[in-house]
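Undergrad: I would like to see how this sequence folds:
(chains A and B)
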2 protein chains.
Amino acid sequence: MNSRKDRVCRLNDPACTSHPTETEDSCSEKPELDYLFHPKSIAIIGVSNDMSRESGGRDYLEFLVKNGFKGSIYPVNARGGRVFGFDIYTTIKDVPDRVDYVISAVPARYNRQLLLDCSAKGVKSVHVFSAGFREISDKEGKQFESQLTAVADQKGMRILGPNCIGIYCPETGLSFDINLPRRSGPLGLISQSGSNSIYAIREAAARGVYISKAVSYGNAYDLNESDFIEYFTHDPGTKVIAAYIEGVRDGTRFAKVLRQAAKIKPTIIYKAGATDAGTRAVASHTGAMAGSDRIWEGLLTQAGAIQVRNIEELVDLVVLFNYTSPLRGRNATIMGTGGGLAIEAANECRNAGLAVPLLPAETQRRLFDIYGTEAGGSFRNPIDLYFGAWDVFEKAINIIAECPQNDLLLMYVVLGIRPETEAGLVRAQVGSIIASGKLIAKRTAVVLLSMGPNKFSQTTFETQTALCEAGFPVFPSFTRAASAVSKFIDYHERHSKDPDT
Amino acid sequence: MNSRKDRVCRLNDPACTSHPTETEDSCSEKPELDYLFHPKSIAIIGVSNDMSRESGGRDYLEFLVKNGFKGSIYPVNARGGRVFGFDIYTTIKDVPDRVDYVISAVPARYNRQLLLDCSAKGVKSVHVFSAGFREISDKEGKQFESQLTAVADQKGMRILGPNCIGIYCPETGLSFDINLPRRSGPLGLISQSGSNSIYAIREAAARGVYISKAVSYGNAYDLNESDFIEYFTHDPGTKVIAAYIEGVRDGTRFAKVLRQAAKIKPTIIYKAGATDAGTRAVASHTGAMAGSDRIWEGLLTQAGAIQVRNIEELVDLVVLFNYTSPLRGRNATIMGTGGGLAIEAANECRNAGLAVPLLPAETQRRLFDIYGTEAGGSFRNPIDLYFGAWDVFEKAINIIAECPQNDLLLMYVVLGIRPETEAGLVRAQVGSIIASGKLIAKRTAVVLLSMGPNKFSQTTFETQTALCEAGFPVFPSFTRAASAVSKFIDYHERHSKDPDT
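TA: Numbering: from 1, shown residues only, chains lettered A, B, ... in the order given. As a prediction, this is how the structure comes out:
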């Protein structure tokens, strides 16, 4: 029998040979589910060529074309016709080729028959984009999902969704949006929500971190968070795992898979909180049961995963794991311009559990020697420098780099104090930071504070991009930088003490 | 005798007739210190015409000219000459006019003699921009400050600073930066830090809120936070008071003045935190003593002030007091597109102490009637709408506006999901929100979530500006919106229960 459950390789299955046992750390073979990300041919069901109407299927056709999908694409719609130069087949059964992967964008009620047709065609996996299943209050929705379940179980087909945007894999050109980056990176992303997955991808890319594969899995009728965490644990292209999860049905398996993942790769989990309103919103969104916050906190800590509370924090941690070396300790040196900001930086660091110790007298003296005066600034830590004296700034950075007490250098750059006149000076400041990149980037965080309308400027984006390209993690506020760095240090402390978590 | 202390009108002075007693709520006369903001003539000391050198004095000359200062300006420098079409006087004594206000940008050691000259000239108040006094570790700095003190006391002159950027008053064109807004508004701003005052002004302006007067007061040798809180309490142009404070010397007077202010106007205080590093940074910055967090929290709560922990939160509260009516209760209705985001919104609201109750069946039914399906969304609260169905969105807003349970409508708008194709749709969504402005703006908060590079785009700024102009408070994240709204409700609850706080 070829039922859904038999075909999943689980870590607790003693007969499995393609995955590491609990004591092994790597896997030489291609991990289970890899075929999902590498289909040679895709059929998209529900592609309308009536341009006056919205068509989710036509959107997917466009996504694949625009993202340079490397295989064959077969649009399907009962009415036939042509669209974007493609013939539209009236049924998947007419497609004159093997079909590896199906994207279904037809209304919920048509999916039962579609699955039967897919089975007849020998399709192994179907991504059901369509909504209107368990997550809606209508009784019919639950009925449609049961039908889907029954057919998939009976026919041994893997289902992604329903009610999800599916897979993004820059390597193969599989995509769930029109212009996601074509570049691959170290982050394996799992998100029960479509909007949150796009949010995370765009935010990470804006800070220089790209995706190995991303999966948005919706109602998780079949393929779920545990399947993909397991996949990313063994995917050689994935160095960091991050997941947005609304609810989990098999807690025992999830805990096991998560522990295994976190042992090998940094694993960051944003579990949608379990307030009453959040739980109701989760039910309306993907029909999941949210579970209590307390239980989740314990589970994630025990597994050695990193808990975050929103997409911004998830991306902040991903950014650190991408750029930053494990830090030797919690001593931060703060360096920038603007005394009030220096104080805020110091307090946010302390509140997040970092230390901001007085600099050694020798280091202070060396800074004094190059600046000549302390008026309008301070060399004690925070180091508050006079805005504009950037000719010696690189020297000052080098002095801090050599200071044995410094574990982390937190630099801040301010844009928008004097939008019309500051550009050259800020370029000089950022230029010095970038020039010191090789020496310090791996133990530095840069806070880019952009004020007022300047926050929305191309200059701010270009400054951020230049810093990222030079290897620096960039944050938009002291609060976010300090909190992420502290969690990053927590993680390394825990994992160096106890290699089993 | 005309000593500094005699000339200050204090609320505890029974002889004072120009200020309200503790039981009165308004003051018909111009408040004490008003003359500081309305000088008819200003002398700037330390204006160099050597363009190859930085000159703080020349900067101030430019600020006054560019901000359209309405009185006479007299640059002073021992070397004389001309700059920007102005004659430079070699000493203030040569200025052929009365001088109401002096800005000193000469090094610390020259300020004692300057004060003597100012006194001879009959100058009432001097703003000492120069740094290098009590805040530096050098013994000389403290000595310079003592000299300043002695002369000012002896001559009965008011000193602003030293080590501060001074006054910004759009009405008269007095300014501490080159292109601050020319428009006046309801916010009276006090900041011990220069960078933080500019930060707050630019951030508030970007969200549609302008300044009545702003004072950056540095080391606070003489004029201090209490003087200006008292001034703003009675200034008819100021509707909201916000202050960034590093340390206070006369706690008893501060508590009294603050209580009086908070009784009459919303008073928002960001006290630089009292961590060890923060305290050291404060000492290096303005030489103030920071005091313990616990004491400050008690003091601010008892006075009926609102405590915030950074400039962003300070501006968030100011924005609410500018746009929003006191809310009837804590029931938030959340409305936007993207299920994951809706869940985050719901959880952040609940974590901040707001309620997100299920919508009444009747309201859900009416929403269903206009959308026709619940698939891909939810009408329960959060209301998660299908992106693009904006033709009926205004109707949906009206339905929520009529729902008796709704105290606050929290709407979110997403930019950057599909940067190339979404512009028209987002415009339609924002257009519907703006069209409903008269009906709902005073009890709505809009979260403008902009993703990836779009965050830095002119479109994002224009969208924010359009919403602000239509009377909506706009926030960059759910966390910040929910936290600020909750503090805003706390404030009104406290003040409606106890009119004395």
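
Undergrad: mind saving the C-alpha coords of the lowest-mean-pLDDT helix or strand in chain A as PDB?
TA: Sorting the helices and strands of chain A by mean pLDDT, DSSP states H and E puts helix A:276-286 at the bottom, at a mean of 77. The C-alpha trace of helix A:276-286 is given here as PDB (Å, rounded to 0.1, in the frame of the first residue of the first chain):
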ATOM      1  CA  ASP A 276      -7.600  34.800  22.500                       C
ATOM      2  CA  ALA A 277      -7.800  37.000  19.500                       C
ATOM      3  CA  GLY A 278      -4.700  35.500  18.000                       C
ATOM      4  CA  THR A 279      -6.100  32.000  18.300                       C
ATOM      5  CA  ARG A 280      -9.300  33.100  16.600                       C
ATOM      6  CA  ALA A 281      -7.300  34.800  13.800                       C
ATOM      7  CA  VAL A 282      -5.200  31.600  13.400                       C
ATOM      8  CA  ALA A 283      -8.400  29.500  13.100                       C
ATOM      9  CA  SER A 284      -9.800  31.900  10.500                       C
ATOM     10  CA  HIS A 285      -6.500  31.900   8.600                       C
ATOM     11  CA  THR A 286      -5.300  28.300   8.300                       C
END
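
Undergrad: Need the contact partners of that helix.
TA: For helix A:276-286, contacts defined as Cβ atoms under 8 Å, 6 or more residues apart in numbering or on different chains pick out A:135-137, A:163-164, A:192-193, A:218-220, A:246-247, A:272, A:288-290, B:339-340, B:342-343, B:346-347, B:349-350, B:355-358, B:378, B:380-382, B:384. C-beta: built from backbone N, CA, C; applies to glycine.

Undergrad: Which among these count as buried?
TA: By neighbour count, with 16 or more other Cβ atoms under 10 Å in any protein chain shown, these hold A:135-136, A:163-164, A:192-193, A:218-220, A:246-247, A:272, A:288, A:290, B:339-340, B:342-343, B:346-347, B:349-350, B:355-357, B:378, B:380-382, B:384 as buried.

Undergrad: From these, which land in helices?
TA: Assigned to helices by DSSP state H, the following of these qualify: B:339, B:340, B:342, B:343, B:346, B:347, B:349, B:350.

Undergrad: Confidence-wise, which of the residues you listed comes last?
TA: Across these, the bottom pLDDT score, 85, is held by residue B:339.

Undergrad: List the contacts of that residue.
TA: By Cβ under 8 Å, 6+ apart, the neighbours of residue B:339 are A:193, A:194, A:195, A:281, A:284, A:285, A:286, B:377, B:378, B:384.

Undergrad: And for residue A:404?
TA: Applying Cβ under 8 Å, 6+ apart, the residues contacting residue A:404 are residue A:360.

Undergrad: same thing with residue A:197?
TA: So residue A:197 contacts A:165, A:168, A:176, A:189, A:191, A:214, A:215, A:216, A:244, B:340 (Cβ under 8 Å, 6+ apart).

Undergrad: what domains does the record give for chain A?
TA: Annotated domains of chain A cover A:34-160, A:181-323, A:332-497 [automatic domain parsing].

Undergrad: of all the ones you listed, which lies closest to residue B:390?
TA: Residue B:390 lies closest to domain A:34-160 among those, at 12.3 Å (Cβ to Cβ).

Undergrad: near chain B at all, that closest one?
TA: Yes: using Cβ under 8 Å from any Cβ of the partner chain, we find that domain A:34-160 touches chain B at A:54, A:107, A:108, A:130, A:131, A:132, A:135, A:136, A:137, A:138, A:141.

Undergrad: Helices along the stretch 151-300 of chain A, start to end?
TA: For the stretch 151-300 of chain A, the helices defined by DSSP state H, counting those that start in this stretch occupy A:194-206, A:225-234, A:251-264, A:276-286, A:293-303.

Undergrad: so what's residue A:36 up against?
TA: With contacts defined as Cβ under 8 Å, 6+ apart, residue A:36 is in contact with A:101, A:125, A:158, A:160, A:167, A:223.

Undergrad: Compare those residues and tell me which is most surrounded.
TA: Each of the contacts of residue A:36 was scored by neighbours using other Cβ atoms under 10 Å in any protein chain shown; the highest score is residue A:160's, at 30 neighbours.

Undergrad: Leaving out the residues flanking it, which one is nearest to residue A:479?
TA: Of all residues beyond its chain neighbours, the one nearest residue A:479 is residue A:348 (5.2 Å), with distances taken as Cβ to Cβ, 6 or more residues apart in numbering or on different chains.

Undergrad: That neighbour - how many residues pack around it?
TA: Residue A:348 has 27 neighbours, counted by other Cβ under 10 Å.

Undergrad: My guess is it contacts residue A:484. True?
TA: No: here residue A:348 does not reach residue A:484: they are 11.2 Å apart, not a contact under Cβ atoms under 8 Å.

Undergrad: sorry, back to before: tell me which of the helices of the stretch 151-300 of chain A sits nearest to residue A:472.
TA: Short answer: helix A:194-206, nearest of the helices of the stretch 151-300 of chain A by Cβ to Cβ, at 13.8 Å.

Undergrad: For that closest one, what does the pLDDT average out to?
TA: For helix A:194-206, the per-residue pLDDT averages 95.
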